[in-house]
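*Asks:* Could you look at this predicted model? Sequence included:
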Amino acid sequence: MQLITVAGPPSSGKTSVILKLIEAMQIAASDVGVVKFDCLTSFDHLRYEERGIRVETGFSGKLCPDHFFVSNIEAAVEWGQSAGFKYLITESAGLCNRCSPYIHGIMAICVIDNLAGINTPRKIGPMLKMADIVVVTKGDIVSQAEREVFAFNIRQVNTAARVIFVNGINGQGATILASHAAKARNIQTLRDLKLRFTTPAAVCSYCTGEIRIGNEYQMGTMKRMEFKKP
Amino acid sequence: MSDTDTLYMVLTVPVGEIIAKYPVCQNFFTNLRIENIERGLPLHQALEKTDPETLSEFGLDRHAIQREFCDFLNVFVGRSDAAGPEIAGITIIGGHGKAGEPENCRVTINRGETISIVGPTGSGKSRLLADIECLANCDTPTGRQILLDGQNLDDERRIELQGRLVAQLSQNMNFVIDLTVDDFLRMHAGSRHSINIDETVERCFVCANSLAGEAFSLDTRLTQLSGGQSRALMIADTAFMSTSPIVLIDEIENAGIDRRQAIELLASRDKIVFISTHDPLLALGADRRLIIKNGGISGIITTSEEEKSCLTEIERLDARLFQIRKKLRNGEIISRNALG
Ligand SMILES: Nc1nc2c(ncn2[C@@H]2O[C@H](COP(=O)(O)OP(=O)(O)OP(=O)(O)O)[C@@H](O)[C@H]2O)c(=O)[nH]1
Ligand SMILES: Nc1ncnc2c1ncn2[C@@H]1O[C@H](COP(=O)(O)OP(=O)(O)OP(=O)(O)O)[C@@H](O)[C@H]1O
Ligand SMILES: [Mg+2]
Ligand SMILES: [Mg+2]
Ligand SMILES: [Zn+2]
Ligand SMILES: [Zn+2]
């Protein structure tokens, strides 16, 4: 089974791109499965199911969605294996700009959209920086000039990645993405593979359920801002 | 610059000197929140004075940063193809129309030529532009094939060209960034280290203003430009700053700009321009026009001398219509006289 991980900011077009990608790869709906990792709610499963694509959704709830991803990806692969898929695609809403759900040796696609703001590529962090392929969507509604500056800003942060422009609505560009996706690594298991980027080391009292504000309630790893004297 | 030259420079030249020579490098440090890095020292020594905590938040140590800085320089400074891909001509080989009937056509368009695409609504004009954009290889609904310089392209080359070959402009495209015209043009010019920023921004601005019906200033915010002004700026920007040799335009007629001049501007920059249009001025302003029927190219007409001579008359009609529109906008009454 070939595994592809897709991540990107909320509403950047991940589901749209994955659906167009599957279409362009010309594989039967029964040969591909999707696992959606989200935080609290998601309606993506409806869109996958509508195309006859099997999908499982997991909610990270109180956890960082990327931490949640790591702790569940192995089981996701086992699910895909036993279902007999040729391709397994994971979709994660990258809410935490500090983390990235990418694994060494596994194809990592970051989806980011032209509307996100021209400097966004410079702010997203490892999710963009560590990706093999950066897919840029919503080019149909912004100016050519903005598209060019946006792509330039992406390359500044990730000099190695392929930048591919895909229109999530009409699928323009998806064939090129598909020819890359076909090269995704074949895997039996993920055991002992490593994340590309360490998830934050910090565990503070708020991580473990503290809700009161004040110094005396703060334990573990804390980081303090420095404010200039007025 | 070779990879070893880059490494040598990074190891020996103070950071400040590198930034002065290649201003784009400032971004590298800003992105890592070390914009205040000690400029008098070469990178590895300068990094010794920065807070390792900040670096580790990015998952990097000094060595990794040095390596990444070299990669950055190789991509943004060492690259010789900043001028964009060069092509002499593009060939469209027909596929089939909507009903599957063969599209018997093979047409080559050369650098500096403008082609208009005409046909009824829904006939497939935008589809043809899309085929060109993705360098169709019998893999789109039309079965068309696009060649560059007479050559069929392999997948690798198509991928490499994607996003660099074609600049697109359509009615749906807007500026979404909230910057002044000046700041934005500078930002775009800054992403191309090979051009003179001040000069290019100035030319672009002057040109955009001559295309737009109503003047705007360098301090105007992009988001406050009218539809026509935005379109004019997009065209001037594409002409002066985009490195793409092909420009695809999908219906800009309602924009209220000097359309003929706009097309001439793009063609004069040695670009190949395709314009899908319902506008007689644009249709006849092109060197040739492709006629689309039921999804296929049904004819190619070279604009004749006679047609060209009609352009002036059509422009006059167009100007008269424009006057009437303007009067209505200003709340005036239309008289028989105005129709002339
Ligand atoms: N104009 C335009 N709209 C797009 C494009 N790609 C996606 N969209 C729209 O953007 C919206 C969000 O797309 P989704 O595919 O749901 O985004 P997502 O990243 O999967 O969103 P979440 O999973 O909820 O984080 C939808 O309304 C899409 O139709 C594009 O290329 N152009
Ligand atoms: N040869 C073809 N085979 C199959 N489908 C086609 C073909 N040509 C065009 N189409 C489809 O026909 C539809 C209408 O085409 P398109 O949007 O290009 O029309 P248009 O000429 O641009 O219309 P308008 O003037 O309204 O913009 C599209 O869905 C397009 O994909
Ligand atoms: Mg989604
Ligand atoms: Mg159209
Ligand atoms: Zn996180
Ligand atoms: Zn915490």
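*Replies:* Nice, I can see it. Remember, it's a predicted structure, so these values are computed and weren't measured experimentally. Numbering: from 1, shown residues only, chains lettered A, B, ... in the order given. Ligands and ions are numbered 1, 2, ... in the order given.
*Asks:* From what I see, residue B:286 and residue B:115 are in contact.
*Replies:* Yes - applying CB atoms under 8 Å as the test, residue B:286 and residue B:115 come out as touching, 5.6 Å apart. C-beta here means a position set from N, CA and C on the backbone, and glycine is covered the same way.
*Asks:* Neighbour count for the two, which is higher?
*Replies:* residue B:286 (23 against 20; other CB atoms under 10 Å in any protein chain shown).
*Asks:* what sits in contact with each of residue B:286 and residue B:115?
*Replies:* Jointly contacting residue B:286 and residue B:115 under the rule CB atoms under 8 Å, 6 or more residues apart in numbering or on different chains are B:273, B:275.
*Asks:* Now the residue in chain A that chain B sits nearest to. Nearest residue, chain neighbours left out?
*Replies:* As assessed by CB to the nearest CB, chain B sits closest to residue A:152 within chain A, at 3.9 Å. Of all residues not flanking residue A:152 in the chain, residue B:191 sits nearest, at 3.9 Å (CB to CB, 6 or more residues apart in numbering or on different chains).
*Asks:* That neighbour against residue A:148, yeah?
*Replies:* Yes - counting by CB under 8 Å, residue A:148 is a contact partner of residue B:191 at 6.6 Å.
*Asks:* Can you report phi and psi for the closest residue in space to residue B:120 that isn't next to it in sequence?
*Replies:* Nearest residue to residue B:120 in three dimensions, chain neighbours excluded: residue B:293, at 7.7 Å (CB to CB, 6+ apart). Backbone torsions for residue B:293, taken as degrees, to the nearest 10, come to phi -140, psi 130.
*Asks:* And for residue B:293, the neighbour number?
*Replies:* Around residue B:293 there are 15 residues (other CB under 10 Å).
*Asks:* repeat for residue B:12
*Replies:* Applying other CB under 10 Å, we find 10 residues neighbouring residue B:12.
*Asks:* tell me what the longest helix anywhere in chain B is packed against?
*Replies:* For chain B, the longest helix by residue count, based on DSSP state H, is helix B:305-329. For helix B:305-329, the elements it packs on are helix B:280-285, helix B:336-339, judged by 3 or more CB pairs under 8 Å, 6 or more residues apart in numbering or on different chains; DSSP states H and E.
*Asks:* if we can go back for a sec, tell me who's in contact with the residue nearest to residue A:152.
*Replies:* With CB under 8 Å, 6+ apart, residue B:191 has these contacts: A:148-149, A:152, B:24.
*Asks:* Taking the centroid of chain B, which residue is nearest it?
*Replies:* The residue lying closest to the centre of chain B (CA atoms, centre = their mean) is residue B:167, at 3.5 Å.
*Asks:* Tell me who's in contact with the residue in the stretch 101-250 of chain B that ligand 1 sits nearest to.
*Replies:* In the stretch 101-250 of chain B, the residue that lies nearest ligand 1 is residue B:172 (8.1 Å; CB to the nearest ligand atom). Taking CB under 8 Å, 6+ apart, we find residue B:172 in contact with A:140-141.
*Asks:* any idea of the pLDDT on it?
*Replies:* Here the pLDDT value assigned to residue B:172 is 86.
*Asks:* rewinding a little: I'd like the contacts of residue B:191 written out as JSON lines, with secondary structure added.
*Replies:* As requested, the contacts of residue B:191 are exported to JSON lines (DSSP: H, G, I helix; E, B strand; the rest coil):
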{"residue": "A:148", "secondary structure": "helix"}
{"residue": "A:149", "secondary structure": "helix"}
{"residue": "A:152", "secondary structure": "helix"}
{"residue": "B:24", "secondary structure": "coil"}
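*Asks:* ok, and the most crowded of those residues?
*Replies:* residue A:149 (24 neighbours).
*Asks:* That one against residue B:186, yeah?
*Replies:* No - Residue A:149 is not in contact with residue B:186 according to CB under 8 Å; the separation is 10.6 Å.
*Asks:* ok, which stretches of the stretch 101-250 of chain B are strands?
*Replies:* Under the criterion DSSP state E, counting those that start in this stretch, strands of the stretch 101-250 of chain B are mapped to B:106-110, B:114-118, B:145-148, B:166-170, B:246-250.
*Asks:* Summarise which helices and strands the last one is packed against.
*Replies:* By that I understand strand B:246-250. Short answer (3+ CB pairs under 8 Å, 6+ apart): strand B:246-250 packs on helix B:125-133, strand B:166-170, strand B:272-276.
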